[in-house]
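Novice: no sequence for this one, just the structure:
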Ligand SMILES: NC(=O)c1ccc[n+]([C@@H]2O[C@H](COP(=O)([O-])OP(=O)(O)OC[C@H]3O[C@@H](n4cnc5c(N)ncnc54)[C@H](OP(=O)(O)O)[C@@H]3O)[C@@H](O)[C@H]2O)c1
(Lines give C-alpha, C1' and ligand atoms only; values in the text may rest on other atoms or scores of the structure.)
Protein backbone atom coordinates (compact mmCIF):
# COMPACT_ATOMS: atom_id res chain seq x y z
CA UNK A 1 0.00 0.00 0.00
CA UNK A 2 1.48 3.35 -1.02
CA UNK A 3 1.62 6.20 1.49
CA UNK A 4 -1.24 8.28 0.02
CA UNK A 5 -3.16 5.57 -1.81
CA UNK A 6 -6.90 6.30 -2.24
CA UNK A 7 -6.40 9.92 -1.18
CA UNK A 8 -7.59 12.85 -3.25
CA UNK A 9 -5.27 15.84 -3.25
CA UNK A 10 -5.70 19.28 -4.77
CA UNK A 11 -2.44 21.09 -5.53
CA UNK A 12 -2.79 24.72 -6.58
CA UNK A 13 0.17 26.23 -8.38
CA UNK A 14 0.84 22.72 -9.71
CA UNK A 15 2.43 24.08 -12.87
CA UNK A 16 5.00 26.03 -10.85
CA UNK A 17 8.48 25.16 -9.63
CA UNK A 18 7.74 24.02 -6.11
CA UNK A 19 4.24 22.60 -6.36
CA UNK A 20 4.85 20.63 -9.54
CA UNK A 21 7.39 18.58 -7.54
CA UNK A 22 4.94 18.25 -4.68
CA UNK A 23 2.20 17.09 -7.05
CA UNK A 24 4.54 14.53 -8.64
CA UNK A 25 5.52 13.19 -5.21
CA UNK A 26 1.87 12.82 -4.19
CA UNK A 27 0.93 11.05 -7.41
CA UNK A 28 3.89 8.66 -7.08
CA UNK A 29 2.78 8.01 -3.51
CA UNK A 30 -0.64 6.87 -4.71
CA UNK A 31 -2.83 10.01 -4.50
CA UNK A 32 -5.22 11.16 -7.21
CA UNK A 33 -4.00 14.71 -7.69
CA UNK A 34 -5.93 17.62 -9.14
CA UNK A 35 -3.41 19.90 -10.84
CA UNK A 36 -4.64 23.48 -10.53
CA UNK A 37 -3.29 26.70 -12.05
CA UNK A 38 -4.44 29.19 -14.68
CA UNK A 39 -2.26 27.92 -17.54
CA UNK A 40 -3.22 24.50 -18.90
CA UNK A 41 0.15 24.03 -20.68
CA UNK A 42 2.09 24.22 -17.44
CA UNK A 43 -0.25 21.70 -15.78
CA UNK A 44 0.10 19.36 -18.74
CA UNK A 45 3.89 19.41 -18.30
CA UNK A 46 3.46 18.35 -14.68
CA UNK A 47 1.01 15.62 -15.77
CA UNK A 48 3.58 14.34 -18.28
CA UNK A 49 6.22 14.13 -15.54
CA UNK A 50 3.78 12.21 -13.35
CA UNK A 51 3.13 9.77 -16.17
CA UNK A 52 6.86 9.32 -16.78
CA UNK A 53 7.40 8.65 -13.08
CA UNK A 54 4.62 6.04 -12.98
CA UNK A 55 2.31 8.05 -10.70
CA UNK A 56 -1.48 7.90 -10.54
CA UNK A 57 -2.95 9.73 -13.56
CA UNK A 58 -3.81 13.26 -12.36
CA UNK A 59 -6.74 15.50 -13.26
CA UNK A 60 -5.76 18.74 -15.02
CA UNK A 61 -8.03 21.52 -13.84
CA UNK A 62 -7.15 25.02 -15.13
CA UNK A 63 -8.65 27.49 -12.69
CA UNK A 64 -8.06 30.89 -11.09
CA UNK A 65 -8.01 30.24 -7.34
CA UNK A 66 -9.20 33.78 -6.57
CA UNK A 67 -12.42 33.14 -8.46
CA UNK A 68 -15.08 31.59 -6.24
CA UNK A 69 -17.20 30.14 -9.07
CA UNK A 70 -14.17 28.43 -10.67
CA UNK A 71 -13.04 26.94 -7.37
CA UNK A 72 -16.61 25.78 -6.66
CA UNK A 73 -16.54 24.00 -10.05
CA UNK A 74 -13.24 22.36 -9.03
CA UNK A 75 -14.83 21.24 -5.76
CA UNK A 76 -17.68 19.62 -7.68
CA UNK A 77 -15.14 17.54 -9.60
CA UNK A 78 -13.26 16.43 -6.49
CA UNK A 79 -16.55 15.60 -4.76
CA UNK A 80 -17.56 13.40 -7.69
CA UNK A 81 -14.40 11.34 -7.15
CA UNK A 82 -15.00 10.91 -3.42
CA UNK A 83 -14.02 14.24 -1.88
CA UNK A 84 -10.80 16.09 -1.14
CA UNK A 85 -8.46 14.78 1.59
CA UNK A 86 -5.50 17.09 1.08
CA UNK A 87 -5.18 20.65 -0.16
CA UNK A 88 -1.86 22.29 -1.00
CA UNK A 89 -2.42 26.03 -1.41
CA UNK A 90 0.69 26.66 -3.49
CA UNK A 91 -0.64 29.20 -6.00
CA UNK A 92 0.87 32.57 -5.21
CA UNK A 93 3.67 34.93 -5.96
CA UNK A 94 4.85 38.46 -6.43
CA UNK A 95 4.61 40.97 -9.28
CA UNK A 96 7.43 43.30 -10.35
CA UNK A 97 4.88 46.03 -11.08
CA UNK A 98 3.96 46.05 -7.39
CA UNK A 99 7.60 46.64 -6.36
CA UNK A 100 9.69 49.78 -6.29
CA UNK A 101 13.21 49.42 -7.67
CA UNK A 102 14.71 51.50 -4.85
CA UNK A 103 14.92 50.38 -1.24
CA UNK A 104 14.53 53.73 0.53
CA UNK A 105 12.37 56.80 0.01
CA UNK A 106 13.83 59.30 -2.45
CA UNK A 107 12.15 62.74 -2.78
CA UNK A 108 12.59 62.49 -6.58
CA UNK A 109 9.91 59.76 -6.75
CA UNK A 110 7.37 62.50 -6.01
CA UNK A 111 8.67 64.85 -8.70
CA UNK A 112 9.19 62.29 -11.46
CA UNK A 113 12.95 62.92 -11.47
CA UNK A 114 14.23 59.41 -10.69
CA UNK A 115 16.60 57.93 -13.27
CA UNK A 116 15.08 56.13 -16.24
CA UNK A 117 13.70 52.72 -15.18
CA UNK A 118 13.77 53.55 -11.47
CA UNK A 119 10.61 53.77 -9.39
CA UNK A 120 9.75 54.40 -5.78
CA UNK A 121 6.80 53.31 -3.68
CA UNK A 122 4.80 56.26 -5.04
CA UNK A 123 5.33 55.05 -8.61
CA UNK A 124 4.13 51.45 -8.37
CA UNK A 125 1.01 50.05 -10.00
CA UNK A 126 -1.73 49.83 -7.36
CA UNK A 127 -3.75 47.27 -9.32
CA UNK A 128 -0.70 45.01 -9.35
CA UNK A 129 -0.25 45.66 -5.61
CA UNK A 130 -3.86 44.58 -4.96
CA UNK A 131 -3.53 41.50 -7.17
CA UNK A 132 -0.53 40.29 -5.13
CA UNK A 133 -2.57 40.65 -1.94
CA UNK A 134 -5.47 38.86 -3.61
CA UNK A 135 -3.61 35.81 -4.93
CA UNK A 136 -1.63 35.14 -1.76
CA UNK A 137 -4.50 35.68 0.69
CA UNK A 138 -7.86 35.07 -1.02
CA UNK A 139 -6.17 32.52 -3.28
CA UNK A 140 -5.57 30.54 -0.08
CA UNK A 141 -8.87 31.29 1.67
CA UNK A 142 -11.21 30.45 -1.24
CA UNK A 143 -9.92 26.90 -1.95
CA UNK A 144 -9.80 26.27 1.81
CA UNK A 145 -13.47 27.16 2.23
CA UNK A 146 -14.64 25.30 -0.86
CA UNK A 147 -12.67 22.09 -0.32
CA UNK A 148 -12.80 21.83 3.47
CA UNK A 149 -16.55 21.11 3.19
CA UNK A 150 -15.61 17.72 1.74
CA UNK A 151 -13.01 17.13 4.44
CA UNK A 152 -15.72 17.77 7.05
CA UNK A 153 -17.87 15.08 5.44
CA UNK A 154 -14.93 12.66 5.32
CA UNK A 155 -14.08 13.17 8.98
CA UNK A 156 -10.87 15.14 8.48
CA UNK A 157 -8.17 16.36 6.17
CA UNK A 158 -4.94 18.28 5.95
CA UNK A 159 -4.22 21.63 4.32
CA UNK A 160 -0.80 23.14 3.66
CA UNK A 161 -0.44 26.85 2.91
CA UNK A 162 2.60 28.60 1.47
CA UNK A 163 4.21 31.28 3.61
CA UNK A 164 7.66 32.83 3.05
CA UNK A 165 10.69 34.29 4.83
CA UNK A 166 8.74 37.54 4.35
CA UNK A 167 6.09 36.21 6.74
CA UNK A 168 8.55 36.73 9.59
CA UNK A 169 10.40 39.87 8.53
CA UNK A 170 9.92 41.73 5.25
CA UNK A 171 12.60 41.84 2.59
CA UNK A 172 13.22 45.20 0.94
CA UNK A 173 10.90 46.21 -1.95
CA UNK A 174 8.44 43.32 -1.36
CA UNK A 175 5.67 45.35 0.29
CA UNK A 176 2.56 43.60 -1.06
CA UNK A 177 4.17 40.16 -1.12
CA UNK A 178 5.51 40.47 2.43
CA UNK A 179 2.26 41.70 3.95
CA UNK A 180 0.27 39.00 2.17
CA UNK A 181 2.64 36.22 3.26
CA UNK A 182 2.47 37.52 6.85
CA UNK A 183 -1.30 37.20 6.45
CA UNK A 184 -0.84 33.59 5.34
CA UNK A 185 0.87 32.59 8.62
CA UNK A 186 -1.83 34.44 10.53
CA UNK A 187 -4.74 32.86 8.68
CA UNK A 188 -3.05 29.45 9.05
CA UNK A 189 -3.37 29.90 12.81
CA UNK A 190 -6.93 31.24 12.92
CA UNK A 191 -8.29 28.71 10.41
CA UNK A 192 -6.47 25.87 12.20
CA UNK A 193 -8.17 26.78 15.47
CA UNK A 194 -11.56 27.04 13.78
CA UNK A 195 -11.36 23.72 11.94
CA UNK A 196 -9.79 21.66 14.74
CA UNK A 197 -13.19 20.24 15.84
CA UNK A 198 -13.64 18.92 12.29
CA UNK A 199 -10.24 17.18 12.46
CA UNK A 200 -8.95 19.35 9.63
CA UNK A 201 -5.35 20.33 10.26
CA UNK A 202 -4.00 23.48 8.65
CA UNK A 203 -0.30 24.23 8.59
CA UNK A 204 2.05 26.23 6.42
CA UNK A 205 5.51 25.82 4.97
CA UNK A 206 7.77 28.86 4.70
CA UNK A 207 10.34 28.07 2.00
CA UNK A 208 13.62 29.92 2.17
CA UNK A 209 15.22 31.06 -1.07
CA UNK A 210 14.47 28.37 -3.60
CA UNK A 211 15.78 28.03 -7.13
CA UNK A 212 13.28 28.80 -9.87
CA UNK A 213 13.45 30.45 -13.28
CA UNK A 214 12.78 33.92 -11.82
CA UNK A 215 15.24 33.55 -8.95
CA UNK A 216 18.02 32.78 -11.42
CA UNK A 217 17.49 36.28 -12.84
CA UNK A 218 17.45 38.28 -9.65
CA UNK A 219 19.65 36.12 -7.39
CA UNK A 220 21.90 34.38 -9.89
CA UNK A 221 23.28 30.91 -9.12
CA UNK A 222 25.99 29.70 -6.75
CA UNK A 223 27.64 27.88 -9.69
CA UNK A 224 27.57 30.64 -12.33
CA UNK A 225 27.76 33.77 -10.22
CA UNK A 226 25.46 35.57 -7.84
CA UNK A 227 23.85 39.01 -8.05
CA UNK A 228 24.42 41.38 -5.11
CA UNK A 229 21.08 40.28 -3.65
CA UNK A 230 22.00 36.63 -4.24
CA UNK A 231 25.27 37.14 -2.37
CA UNK A 232 23.39 38.67 0.56
CA UNK A 233 21.01 35.72 0.67
CA UNK A 234 23.75 33.09 0.58
CA UNK A 235 25.78 34.95 3.20
CA UNK A 236 22.68 34.95 5.40
CA UNK A 237 21.88 31.26 4.81
CA UNK A 238 24.06 29.13 7.13
CA UNK A 239 23.78 26.14 4.77
CA UNK A 240 25.29 28.28 2.02
CA UNK A 241 22.97 27.33 -0.83
CA UNK A 242 19.54 28.00 -2.30
CA UNK A 243 16.80 25.44 -1.67
CA UNK A 244 15.40 23.01 -4.23
CA UNK A 245 11.78 21.91 -4.59
CA UNK A 246 12.88 18.46 -3.39
CA UNK A 247 13.88 20.00 -0.03
CA UNK A 248 10.17 20.52 0.73
CA UNK A 249 8.94 16.98 0.11
CA UNK A 250 9.71 15.50 3.53
CA UNK A 251 7.93 18.37 5.25
CA UNK A 252 4.88 18.02 3.00
CA UNK A 253 4.70 14.27 3.60
CA UNK A 254 4.96 14.81 7.34
CA UNK A 255 2.29 17.52 7.52
CA UNK A 256 -0.19 15.60 5.36
CA UNK A 257 0.13 12.27 7.12
CA UNK A 258 -2.35 12.04 10.01
CA UNK A 259 -0.41 9.13 11.52
CA UNK A 260 2.77 11.12 12.08
CA UNK A 261 1.55 14.72 12.48
CA UNK A 262 -2.00 14.15 13.75
CA UNK A 263 -1.54 16.55 16.71
CA UNK A 264 0.14 19.28 14.65
CA UNK A 265 -1.94 22.21 13.48
CA UNK A 266 -1.59 25.96 13.03
CA UNK A 267 2.18 26.01 12.63
CA UNK A 268 4.41 27.41 9.92
CA UNK A 269 7.52 25.33 9.26
CA UNK A 270 10.52 27.16 7.81
CA UNK A 271 12.45 25.09 5.27
CA UNK A 272 15.18 27.61 4.78
CA UNK A 273 18.71 26.26 5.28
CA UNK A 274 18.82 28.20 8.56
CA UNK A 275 18.02 31.65 7.10
CA UNK A 276 15.86 32.54 10.12
CA UNK A 277 18.51 31.59 12.64
CA UNK A 278 20.52 34.77 12.00
CA UNK A 279 19.67 38.38 12.70
CA UNK A 280 21.59 39.64 9.69
CA UNK A 281 24.49 41.33 11.50
N1 LIG B 1 10.35 29.97 -4.91
C2 LIG B 1 10.62 30.51 -3.74
O3 LIG B 1 11.78 30.83 -3.43
C4 LIG B 1 9.53 30.74 -2.74
C5 LIG B 1 9.89 31.17 -1.46
C6 LIG B 1 8.89 31.37 -0.52
C7 LIG B 1 7.58 31.14 -0.84
N8 LIG B 1 7.24 30.71 -2.09
C9 LIG B 1 5.83 30.49 -2.36
O10 LIG B 1 5.67 29.14 -2.75
C11 LIG B 1 4.60 29.02 -3.67
C12 LIG B 1 5.11 28.35 -4.94
O13 LIG B 1 6.21 29.11 -5.44
P14 LIG B 1 6.98 28.75 -6.80
O15 LIG B 1 8.38 29.21 -6.66
O16 LIG B 1 6.73 27.36 -7.17
O17 LIG B 1 6.26 29.78 -7.78
P18 LIG B 1 5.88 29.60 -9.31
O19 LIG B 1 6.85 28.73 -9.99
O20 LIG B 1 5.65 30.97 -9.83
O21 LIG B 1 4.48 28.86 -9.23
C22 LIG B 1 3.33 29.49 -8.76
C23 LIG B 1 2.17 28.99 -9.57
O24 LIG B 1 0.97 29.63 -9.09
C25 LIG B 1 0.09 29.73 -10.18
N26 LIG B 1 -0.84 30.83 -9.94
C27 LIG B 1 -0.55 32.14 -9.77
N28 LIG B 1 -1.68 32.85 -9.64
C29 LIG B 1 -2.70 31.95 -9.71
C30 LIG B 1 -4.10 32.06 -9.65
N31 LIG B 1 -4.71 33.24 -9.48
N32 LIG B 1 -4.86 30.94 -9.77
C33 LIG B 1 -4.26 29.73 -9.96
N34 LIG B 1 -2.93 29.57 -10.03
C35 LIG B 1 -2.17 30.66 -9.91
C36 LIG B 1 1.00 30.04 -11.38
O37 LIG B 1 0.50 29.46 -12.58
P38 LIG B 1 -0.40 30.32 -13.61
O39 LIG B 1 0.29 31.63 -13.79
O40 LIG B 1 -0.46 29.46 -14.80
O41 LIG B 1 -1.72 30.45 -12.93
C42 LIG B 1 2.31 29.34 -11.03
O43 LIG B 1 2.49 28.15 -11.77
C44 LIG B 1 4.09 30.45 -3.91
O45 LIG B 1 3.00 30.69 -3.03
C46 LIG B 1 5.26 31.30 -3.51
O47 LIG B 1 4.87 32.58 -3.11
C48 LIG B 1 8.19 30.51 -3.05
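Specialist: Looks like it came in fine. These numbers come from a predicted model, not from an experiment.

Novice: Every contact and neighbour count from this point should use C-alpha atoms.
Specialist: OK.

Novice: and for the single longest strand found in the chain, what are the contacting residues?
Specialist: Longest strand in the chain, counting residues (DSSP state E): strand 200-207. Under the criterion Cα atoms under 8 Å, 6 or more residues apart in numbering, residues 148, 151-152, 156-165, 167, 184-185, 188-189, 191-192, 195, 243, 248, 251, 255, 262, 264-272 lie in contact with strand 200-207.

Novice: switch the cut-off to 6 Å
Specialist: If you take Cα atoms under 6 Å, 6 or more residues apart in numbering as the criterion, strand 200-207 is touched by 156-164, 188, 192, 265-272.

Novice: Excluding chain neighbours, what is closest to residue 249?
Specialist: With Cα to Cα, 6 or more residues apart in numbering as the criterion, residue 249 has its nearest non-adjacent residue at 6.4 Å, and that residue is residue 22.

Novice: so how many other residues sit close to the one you found?
Specialist: Neighbour count of residue 22, defined by other Cα atoms under 10 Å: 23.

Novice: in what helix or strand does it lie?
Specialist: Per DSSP states H and E, residue 22 falls inside helix 17-28.

Novice: Neighbouring strands of the helix or strand that that helix is followed by in the sheet, and parallel or not?
Specialist: Scanning forward in sequence from helix 17-28 by DSSP H and E, the next helix or strand is strand 32-37. The pairing partners recorded for strand 32-37 under DSSP bridges are strand 8-12 (parallel), strand 59-62 (parallel).

Novice: so which of these gets nearest residue 211?
Specialist: strand 8-12 (18.9 Å; Cα to Cα).

Novice: Determine the angle, from 0 to 180 degrees, between that closest one and helix 17-28.
Specialist: Strand 8-12 and helix 17-28 meet at an angle of 170 degrees, taking axes from the mean of the first three to the mean of the last three Cα atoms, to 10 degrees as the criterion.

Novice: what is the rounded mean pLDDT of strand 8-12?
Specialist: For strand 8-12, mean pLDDT rounds to 99.

Novice: so how far is the first residue of stretch 98-113 from its last?
Specialist: One end of stretch 98-113 sits 20 Å from the other (Cα to Cα, to the nearest Å).

Novice: Buried residues, that stretch. List them.
Specialist: 98-101, 109 (16 or more other Cα atoms under 10 Å).

Novice: State the mean pLDDT of whichever strand or helix holds residue 230.
Specialist: Using DSSP H and E, the element containing residue 230 is helix 228-235. The average of the pLDDT scores along helix 228-235 is 92.

Novice: residues making contact with that helix?
Specialist: Applying Cα under 6 Å, 6+ apart, the contact partners of helix 228-235 are 219, 240-241.

Novice: at 8 Å what do you get?
Specialist: Around helix 228-235, the neighbours that count as contacts under Cα under 8 Å, 6+ apart are 209, 218-221, 240-242.

Novice: on that earlier part again, close to the ligand, is the next helix or strand after the longest strand of the chain?
Specialist: Downstream of strand 200-207, the next assigned helix or strand under DSSP H and E is helix 213-218. No. Using Cα under 6 Å from any ligand atom, helix 213-218 stays clear of the ligand, coming no nearer than 7.1 Å.

Novice: buried residues in helix 213-218?
Specialist: residue 216.

Novice: Show me the strands in this structure, by range?
Specialist: So, for the chain - with DSSP E - the strands run 8-12, 32-37, 59-62, 86-89, 157-162, 200-207, 220-221, 225-226, 268-271.

Novice: Which of the buried residues of stretch 98-113 fall within helices?
Specialist: Applying DSSP state H to those, the entries found in helices are residue 109.

Novice: Rebuild the buried residues of stretch 98-113 as TSV, extending it with pLDDT.
Specialist: As requested, the buried residues of stretch 98-113 are exported to TSV (pLDDT from 0 to 100):
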residue	pLDDT
98	98
99	97
100	98
101	97
109	97
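
Novice: want to try CSV for the buried residues of stretch 98-113, with distance to the ligand as columns?
Specialist: As requested, these are exported to CSV (distance: Cα to the nearest ligand atom, whole Å):
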residue, distance to the ligand
98, 14
99, 15
100, 18
101, 19
109, 28
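
Novice: and the residue of the stretch 151-281 of the chain found nearest the ligand, how many residues sit next to it?
Specialist: Scanning the stretch 151-281 of the chain for the residue nearest the ligand gives residue 210, at 3.6 Å (criterion: Cα to the nearest ligand atom). Residues contacting residue 210 under the criterion other Cα under 10 Å number 19.

Novice: bridging residues for it?
Specialist: Under DSSP bridges, the beta-bridge partners of residue 210 are residue 243.
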